[in-house]
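S.K.: Give me the fold of what follows.
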Amino acid sequence: MDSVDLDALDQDLLEALQFDGRAPFSHLARRLGVSERTVARRYQRLRGLGLRIVGRPNPTRLGLVRWLLRLRCTPDAAGTIADALARRPDTSWVTLASGGTELYCAVNTRTSDERNALLLHKLPRTPHVLSVSAHCMMRTFVGATSTWHATRFRPATPAVDSAVTPADAVDSGTRVGPLSLDATDRTLFAELARDGRATLPELSKATGRSPSSVQRHLERLRGEDALDLSVDFDPQLLGYHMSTQIWLNVAPAHLRTVGETLAGHPAIAFAAAITGTSNLVASGVFRTPADLYDYIDRRIGPLPGIQNLETTPTLREVKRLAPALP
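M.R.: Just a heads-up that it's a prediction; the model follows:
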């Protein structure tokens, strides 16, 4: 996909939406120093280019366990298997990599029975699947999907510097116990998965609750870090054509330091500590292979405790930013 002509205001708007995907146009207009009509017009243009604001449940806060699956398949079957995984309601993203023979899939499980049904029964019996490795995500340092936040590469402008801390920076691991949900919460998750900027009247109609009640539910979910609002915008439209999974084996004493350092790098949209031989995985987006090389050489190379590194370029995103609902 070719890049498009997005000026500084378009990119500032994308960045501001990352800090609060439900911010009113009037608030965004004041922050960006333009009229509300201009913000609305730019937002609709970006929507036409594929921009989505998606409300996603935070798996950790809802008592779900998040897994990263790595499947090796025969080349003739990889696409079919990827499509089948994408149709599952418990998967949030599926990517095809490594010459079309390797798949990555993020899946949420609520119980050990759900986990075992997929990992011990369904996948091992799937024809043309050569191997399956399952990695439990122990701690997510940044991001919850493979989706790239399009403006992370740009230096923050003064207009955006004053924004609040984005949701990804909140350490949900400090919360204790899963948050219980009622029927209204579950309906809100379903509606916000379709449109994270759905209005209070729209959400009120869907839930059968008053706008003030809906607002209280939203404030509770966001205040408890149970609801994340994500910006989905294809990085290729900004000229970034090299998406890559980076698998690292890091000495345990340095795992947190390396994970937190990667989370602060603009090129990295997702980084998590996982179980397995590679105990840290990250998703990065770069303009060219040369940029990827420079990143490994200059940013990853000097970090302490890295014992091994593997990169696998993404060929196709089969499913992305599709929240598995609670």
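S.K.: Could you use CA atoms for every contact and neighbour count after this?
M.R.: Fine.
S.K.: for the stretch 51-200 of the chain, what spans make up the strands?
M.R.: Under the criterion DSSP state E, counting those that start in this stretch, strands of the stretch 51-200 of the chain are mapped to 52-57, 65-73, 91-97, 102-109, 129-142.
S.K.: Rebuild those strands as TSV, extending it with mean neighbour count and distance to M242.
M.R.: Shown next, in TSV, are the strands of the stretch 51-200 of the chain (neighbours: other CA atoms under 10 Å; distance: least, CA to CA, whole Å):
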stretch	mean neighbour count	distance to M242
strand 52-57	25	21
strand 65-73	20	20
strand 91-97	24	12
strand 102-109	24	16
strand 129-142	18	19
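S.K.: what stretches of the stretch 201-326 of the chain score poorly on pLDDT?
M.R.: Counting by pLDDT under 70, the stretch 201-326 of the chain has low-confidence residues at 322-326.
S.K.: quick one: the helices in it?
M.R.: Taking DSSP state H, counting those that start in this stretch as the test, the helices found in the stretch 201-326 of the chain are 211-223, 255-263, 289-295.
S.K.: Quick check: which of those is buried the most?
M.R.: Of all the helices of the stretch 201-326 of the chain, helix 255-263 has the most neighbours on average by mean count of other CA atoms under 10 Å, namely a mean of 19.
S.K.: which residues does the residue located most distally from the centre of the chain contact?
M.R.: No residue in the chain sits farther from the centre than S210, which is 31.0 Å out by CA atoms, centre = their mean. Residues in contact with S210 (CA atoms under 8 Å, 6 or more residues apart in numbering) are S204.
S.K.: Next, work out how far apart it and R216 are.
M.R.: Per CA to CA, to the nearest Å, S210 is found 10 Å from R216.
S.K.: Next: R22.
M.R.: Distance of R22 to R216, computed by CA to CA: 15 Å.
S.K.: Same check on L237?
M.R.: Shown here: L237 relative to R216, a distance of 37 Å by CA to CA.
S.K.: Likewise for L62?
M.R.: Distance, L62 to R216, by CA to CA: 18 Å.
S.K.: and what of R320?
M.R.: Per CA to CA, R320 is found 29 Å from R216.
S.K.: Same question for S35.
M.R.: Plainly put, S35 is 29 Å away from R216 if you go by CA to CA.
S.K.: circling back: now mean pLDDT too, for the strands of the stretch 51-200 of the chain, in JSON lines please.
M.R.: Shown next, in JSON lines, are the strands of the stretch 51-200 of the chain (pLDDT from 0 to 100):
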{"stretch": "strand 52-57", "mean pLDDT": "90"}
{"stretch": "strand 65-73", "mean pLDDT": "92"}
{"stretch": "strand 91-97", "mean pLDDT": "89"}
{"stretch": "strand 102-109", "mean pLDDT": "91"}
{"stretch": "strand 129-142", "mean pLDDT": "92"}
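S.K.: which one of those strands lies closest to L203?
M.R.: strand 52-57 (12.7 Å; CA to CA).
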